[in-house]
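Asker: model this:
(4 chains)
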Protein chains: 4
Amino acid sequence: MVTGASPDEVKAVVDRAKSLGFTVQLNEGTDKKVIAVLGSNTGQTQTGVFEVLPSVESVTRIMKPYKLASREFKTKDTTVACGGVKIGGNQIIVIAGPCAVETREQMLQIAGQVKASGASIMRGGAFKPRTSPFSFQGLAKTGLELLAEAREQCGLPFATEVVDPHDVALVAETADILQIGSRNMQNYALLTSAGKGNRPIILKRGFACTITEWLTAADYLLAEGNKNVILCERGIRTFEDSVRFSLDIAAIPVLKKASHLPVIVDPSHAAGHYSLVPAISKAAVAAGADGLLIEVHPNPKEALVDGAQSLTPVAFEKLMKELRPIAESVGRTI
Amino acid sequence: MVTGASPDEVKAVVDRAKSLGFTVQLNEGTDKKVIAVLGSNTGQTQTGVFEVLPSVESVTRIMKPYKLASREFKTKDTTVACGGVKIGGNQIIVIAGPCAVETREQMLQIAGQVKASGASIMRGGAFKPRTSPFSFQGLAKTGLELLAEAREQCGLPFATEVVDPHDVALVAETADILQIGSRNMQNYALLTSAGKGNRPIILKRGFACTITEWLTAADYLLAEGNKNVILCERGIRTFEDSVRFSLDIAAIPVLKKASHLPVIVDPSHAAGHYSLVPAISKAAVAAGADGLLIEVHPNPKEALVDGAQSLTPVAFEKLMKELRPIAESVGRTI
Amino acid sequence: MVTGASPDEVKAVVDRAKSLGFTVQLNEGTDKKVIAVLGSNTGQTQTGVFEVLPSVESVTRIMKPYKLASREFKTKDTTVACGGVKIGGNQIIVIAGPCAVETREQMLQIAGQVKASGASIMRGGAFKPRTSPFSFQGLAKTGLELLAEAREQCGLPFATEVVDPHDVALVAETADILQIGSRNMQNYALLTSAGKGNRPIILKRGFACTITEWLTAADYLLAEGNKNVILCERGIRTFEDSVRFSLDIAAIPVLKKASHLPVIVDPSHAAGHYSLVPAISKAAVAAGADGLLIEVHPNPKEALVDGAQSLTPVAFEKLMKELRPIAESVGRTI
Amino acid sequence: MVTGASPDEVKAVVDRAKSLGFTVQLNEGTDKKVIAVLGSNTGQTQTGVFEVLPSVESVTRIMKPYKLASREFKTKDTTVACGGVKIGGNQIIVIAGPCAVETREQMLQIAGQVKASGASIMRGGAFKPRTSPFSFQGLAKTGLELLAEAREQCGLPFATEVVDPHDVALVAETADILQIGSRNMQNYALLTSAGKGNRPIILKRGFACTITEWLTAADYLLAEGNKNVILCERGIRTFEDSVRFSLDIAAIPVLKKASHLPVIVDPSHAAGHYSLVPAISKAAVAAGADGLLIEVHPNPKEALVDGAQSLTPVAFEKLMKELRPIAESVGRTI
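Answerer: Numbers count the residues shown, from 1 in each chain, chains lettered A, B, ... in the order given. Here you go, the predicted model:
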């Protein structure tokens, strides 16, 4: 409460808290009265409920607004199984492939290449969320079929993005993992829809969302019943302009402490340029990431989307070799 | 190009540009070669197409990636007509009402009150995008019906948010203006769907999106054929923690220069607290905004959503009175 | 405390708080124990003192770290007197002049022009903090003499920047107001030195500092004994790239609530371009600023520093005329 | 130029460029004219010189504003020698010690401990830049003497911060490395003073400065003649609130490409909490950092400054052991 708040104003806050089923304890400092609101659902109560009352100076949330994603709700690490692969276990999982599925040849070729270099899962975009309406928008259903054919041939499961809540069923029918992109992390219609199934979901961090907001978005998926949630750090928006996004490396240990969900890292979208991908990938593995999501294209120079951030198959193979001793240094395999 | 780039590397860039239909001019500085890529669609070409080539140091976009929203495409100010009101003209339009439609009584009461104080359009949320799955999610279809009833009674048109691309038709049937929220500014499925109709659309700025990205999102709507686009600045995410979001006041003159679309301001979501709403509203009018979107609730203390940032009807009436001389100072009415 | 913290761990926190002279109250929620640390100097205690203890989940500061700058310490608005002008009173004060003092002719000419248009105080940089070592570094002592001569001639007091703690005495001898620039807001050697005198000080906000940090920096000046502190908002660093800095318009009402110190706004450095200065200036006045700090140059095209953000004398005169009715709208003069 | 710029307006830009000694080439696109300004000092010319001219839409800098710190100026990696240690060579250098020198016992004890665990250089603050005037301000000269005594006894050279330009000579007399803190990265009086000597300097990144601004600050030191500059990434200010600052891991590969200077990382100030220090340290080594600057305190619970981010000697020893295999994985020693 502000200094000099009247007893009636204090009482109004106390009464409001009690009306919501909370218990209350008064802390009288030398300068200010602090009212502690106690109860098991304080994390889900808007702070505005109290901020609106007279002479309330500020409201500080102690309980986090997320629950199901939290390490306190579930102590043990979650692992997500997908096509014989386990994400969140001792093995660091590498998911690799082109940003967008372009042609049958491209997809079959790259699938074989990333598998040969040690990737465990393929990736490829069929439905693309593009910032400009004049850009290539993806092959949609045809893209899914090409991914399925590549899986058939090379044996790797695949992850692909879903952007419309009404496409979830269609994509989940074919794909092994659904990806929810950064710009859709707070698309609640999409989260609710994806949470109703049980296909594993890679939930990318909104590029300007806090870790708390991210875990609260994960709660949407978990609350609908889907327990197979994988978090993917992909860079946040900052003032630094030498990269597309600034990879938040500390998010890895912060998430490992706050949540039981597996954490992977997308160095390609963060960097925005292939030359930065190896250093960021190595850092992520050293910091404790459970996996990497790397863009690899058979011929980046001709890529329809995001060629600048794609590794060539040769560069990817070199990187996989360099990652192995680092994974071992932190007691893991890759 | 990097210093020391070979003639072959320069040629590769030139050839790539030509293959995309561009013309090219070489600028040879004392230290570096700069290759100018010229043509009418350079703004819609990904910079990555060139960044991926060897010895390219950096690629700088001169043409903006948006087109239809730009002042160069259409010199004259766009005005959007809606239920007898014109947004973008000499009159500054105030849109007011509760964050969420809660009950029939609440909505009818507040509609009458904001009209009496001089609002031109009502607002109220029926479909709510909530950050926590455990929060009130809105009345959905019932909310729309209550808004329509309030319109019937008080005579003001209303604006309401749409969050799912498949609800656009339903909402557009009843509502006078569709609102696309900040978290959905880059929800391309929703943009494409809303762009297909011709209901006016308030496109809120993504809280971490640049003005360039915002106008590119507006292009999605315009490209689908909907010309009735209204831009709404509602605060951006920064490091400052005394407000929920930092209102970008300079966005008003920047947009007026770069675009022909009307610009309104939402002081309530930016501030996050009712006590800051009057100062920000006055600033917005003085800076040239075409309208304001203000949360007003008959009883903020009991609001289910965002009570802390809602004005009471009394405070709203006071603010409207204070805004009038400022509007006149900048040659407008309110 | 984290869920499941042991009684011993709780006791360790309690004991640490008591050892620092605080009293303690335990708040036992259903999930967590919250320990309230009470006492009059909690704001000046590092949160790390407790964060370091086992099973402490997080430490939240309720008391602000600043004291002397706070509205709770001094309820009544501070006004700063300078050469017959009063900053923080009913009159909005306009401080105008070139970024850098360049020549005698330039300074005498512009001083007369800004006075004629209604400025109350002149500005001009003699000691310049330049981001590149290869840029013009200012006229130093000669610059001060030219400012003094201009004052002699036109009768306006002047403000000028000080960048080295050991120049404070020299500058304070001549200047009416000392300015501490954005990059020096946390230069504690400079703050301590400037705080020892009693010349009014314009303390510009660090471009990436919170309002709390800013007021804490003001405490440095106040703690040394200098009560004549004026806060100057000049834009903060964000991701938005269409302006040099994003002016934080909400800082005005936030500061008016949190502090008793006068608040002025520098639209020129925020905008980075003259075309945006009028809109931002009007917004600042409407939002309650006590003054403006505007760059005006007799010939911006030939300015050695920051020409792009300088108004011409003609544009400045036009702006002053437009500001008058807005000032009146908010019950003030200019 | 804006679309429709007149020939006279184009000529004015061309003439201005020529008057500054540049050559000019016109690039005529279908929509716009782009004027290329060529010459060897374009990087040091303010863009405002052109932005101020009529019908100039925007000015884009191609040449970087820094020069001496750039990889183009000096291709070969710089190594900095200090007391028998070489920073920037194959060995990764660990600099460790308390945030502040507190007592003789503390400093002698920790010096021995960090040496035993493998640190190559000690650190300890004698002059402290504190955000609050009511906090511990450091032991100043006495602190330097204690550091010298610890060096005498344990044999490690030491690094310590300098905050006032007039203390540079005093500190340089005793210290092996001078540190310029984040809040002083753009304190040009201090940079100029430190650049005049030849003591190695750790230049910490301003917490809200771009890499370009950082290298431009390094140019201040280099331009004065001091070639022994070490860059230290220590986290940048972002919206994320679970850490004190967000470590910019990509800064390592970006700097390695852009500059010849050695790059070290301070995980302690970035994290703000000891539990995050190991993961960030490992990431930094894997990403290619040349060294680490780690806070270690014999008893963090009793530290006067920043205890929460300090490792205990035991935790430091464990971390050093874990770093060794990672250093080897990237072909280096530690």
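Asker: Sticking with A:Ile264, tell me its helix or strand.
Answerer: strand A:263-265 (DSSP states H and E).
Asker: what are the pairing partners of that strand, and which direction each?
Answerer: strand A:229-233 (parallel), strand A:291-295 (parallel) (DSSP bridges).
Asker: Format those strands as TSV; extra columns: mean neighbour count, distance to B:Gly43 and mean pLDDT.
Answerer: Yep, even glycine has a C-beta here, placed from its N, CA and C like the rest. TSV is the format used below for the strands paired with strand A:263-265 (neighbours: other Cβ atoms under 10 Å in any protein chain shown; distance: least, Cβ to Cβ, whole Å; pLDDT from 0 to 100):
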stretch	mean neighbour count	distance to B:Gly43	mean pLDDT
strand A:229-233	27	30	98
strand A:291-295	27	24	97
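Asker: Of all those strands, which one is nearest B:Phe245?
Answerer: strand A:229-233 (22.9 Å; Cβ to Cβ).
Asker: Identify all residues paired with A:Lys33 through a beta bridge.
Answerer: Legend: beta-bridge partners of A:Lys33 under DSSP bridges are A:Glu28.
Asker: Surely it is in contact with A:Val10?
Answerer: Yes - the criterion here is Cβ atoms under 8 Å, and A:Lys33 meets it with A:Val10 at 5.9 Å.
Asker: which outside residues touch the strand holding A:Ile264?
Answerer: A:87, A:93, A:95, A:202, A:230-234, A:247, A:251-252, A:255-256, A:280-281, A:284, A:288-293 (Cβ atoms under 8 Å, 6 or more residues apart in numbering or on different chains).
Asker: ok, now with 7 Å
Answerer: Outside strand A:263-265, the residues that touch it by Cβ atoms under 7 Å, 6 or more residues apart in numbering or on different chains are A:230-233, A:252, A:255-256, A:284, A:289-293.
Asker: and which of the residues you listed is nearest to D:Thr333?
Answerer: The closest of the contacts of strand A:263-265, once distances to D:Thr333 are taken by Cβ to Cβ, is A:Ala284, at 23.0 Å.
Asker: What's the first helix or strand after the strand holding A:Ile264?
Answerer: Taking DSSP H and E, what comes next after strand A:263-265 is helix A:267-271.
Asker: Is chain D within reach of that following helix?
Answerer: Yes - counting by Cβ under 7 Å from any Cβ of the partner chain, chain D has neighbours in helix A:267-271: A:Ala270, A:Ala271.
Asker: okay, now A:Phe55: neighbour count?
Answerer: Phe isn't right for residue A:55; it's Ser. When neighbours are defined as other Cβ atoms under 10 Å in any protein chain shown, A:Ser55 has 16 of them.
Asker: One more: A:Ser329?
Answerer: Applying other Cβ under 10 Å, we find 22 residues neighbouring A:Ser329.
Asker: how about the residues of chain A that lie near chain D?
Answerer: By Cβ under 7 Å from any Cβ, the residues of chain A that approach chain D are A:208, A:210-211, A:236, A:238-243, A:246-250, A:252-254, A:257, A:270-271, A:275-276, A:279-280, A:282-283, A:285-288, A:325-326, A:329.
Asker: between the helix ranked longest in chain A and helix D:313-329, how big is the angle?
Answerer: For chain A, the helix with the greatest residue count under DSSP state H is helix A:313-329. Put simply, helix A:313-329 runs at 150 degrees to helix D:313-329, going by axes from the mean of the first three to the mean of the last three Cα atoms, to 10 degrees.
Asker: what's the model's confidence in helix A:313-329, averaged?
Answerer: Averaging pLDDT along helix A:313-329 yields 98.
Asker: Is chain B within reach of it?
Answerer: No - Helix A:313-329 stays clear of chain B (Cβ under 7 Å from any Cβ), getting no nearer than 11.8 Å.
Asker: chain center to that helix, what's the gap?
Answerer: Mean-position distance between helix A:313-329 and its chain equals 23 Å (Cα atoms, centre = their mean, to the nearest Å).
Asker: Next: stretch A:26-39.
Answerer: Chain-centre distance of stretch A:26-39: 37 Å, with Cα atoms, centre = their mean.
Asker: try stretch A:194-203
Answerer: The answer for stretch A:194-203 is 12 Å, by Cα atoms, centre = their mean.
Asker: do the same with stretch A:50-59
Answerer: Chain-centre distance of stretch A:50-59: 34 Å, with Cα atoms, centre = their mean.
Asker: What lies in contact with that stretch?
Answerer: A:1-2, A:5-6, A:9, A:12-13, A:16, A:47, B:273, B:300-301, B:307-308.
Asker: filter those to the buried ones?
Answerer: The neighbour count (16 or more other Cβ atoms under 10 Å in any protein chain shown) marks A:Met1, A:Ala5, A:Glu9, A:Ala12, A:Val13, A:Arg16, A:Thr47, B:His273, B:Pro300, B:Lys301, B:Gly307, B:Ala308 as buried among those.
Asker: So which of the residues you listed are in helices?
Answerer: Among those, the members found in helices (DSSP H) are A:Glu9, A:Ala12, A:Val13, A:Arg16.
Asker: quick check, nearest of the residues you listed to chain C?
Answerer: Distance to chain C across these (Cβ to the nearest Cβ) is lowest for A:Val13, with 14.5 Å.
Asker: ok, now how distant is the residue lying closest to A:Ile249 once chain neighbours are set aside from D:Phe316?
Answerer: Excluding its sequence neighbours, the residue lying closest to A:Ile249 (Cβ to Cβ, 6 or more residues apart in numbering or on different chains) is D:Ile249, at 4.1 Å. Distance of D:Ile249 to D:Phe316, given as Cβ to Cβ, to the nearest Å: 21 Å.
Asker: So between those two, which is more surrounded?
Answerer: It is D:Ile249, of D:Ile249 and D:Phe316, that has more neighbours when counted by other Cβ under 10 Å, with 34 against 29.
Asker: Just give the number of residues close to the closest residue to A:His269 other than its chain neighbours.
Answerer: Here the nearest residue to A:His269 in space, its sequence neighbours aside, is A:Arg234; by Cβ to Cβ, 6+ apart that works out to 4.7 Å. When neighbours are counted by other Cβ under 10 Å, A:Arg234 registers 24.
Asker: which bits of the stretch 101-250 of chain A sit near chain C?
Answerer: Counting by Cβ under 7 Å from any Cβ, the residues of the stretch 101-250 of chain A near chain C are A:Arg237, A:Thr238, A:Phe239.
Asker: please redo it, this time with the cut-off set to 8 Å
Answerer: Counting by Cβ under 8 Å from any Cβ of the partner chain, the stretch 101-250 of chain A comes close to chain C at A:Ala208, A:Arg237, A:Thr238, A:Phe239, A:Asp241.
Asker: Surely the first one and A:Arg237 touch.
Answerer: What that stands for is A:Ala208. Yes - here A:Ala208 reaches A:Arg237: they are 4.9 Å apart, a contact under Cβ under 8 Å.
Asker: Could you name every residue contacting both of these two?
Answerer: Residues touching both A:Ala208 and A:Arg237 (Cβ under 8 Å, 6+ apart): B:Ala208, B:Arg237, C:Phe239.
Asker: Identify the residue nearest the first one in space, chain neighbours excluded?
Answerer: Using Cβ to Cβ, 6+ apart and skipping the chain neighbours, the partner closest in space to B:Ala208 is A:Ala208 (2.9 Å).
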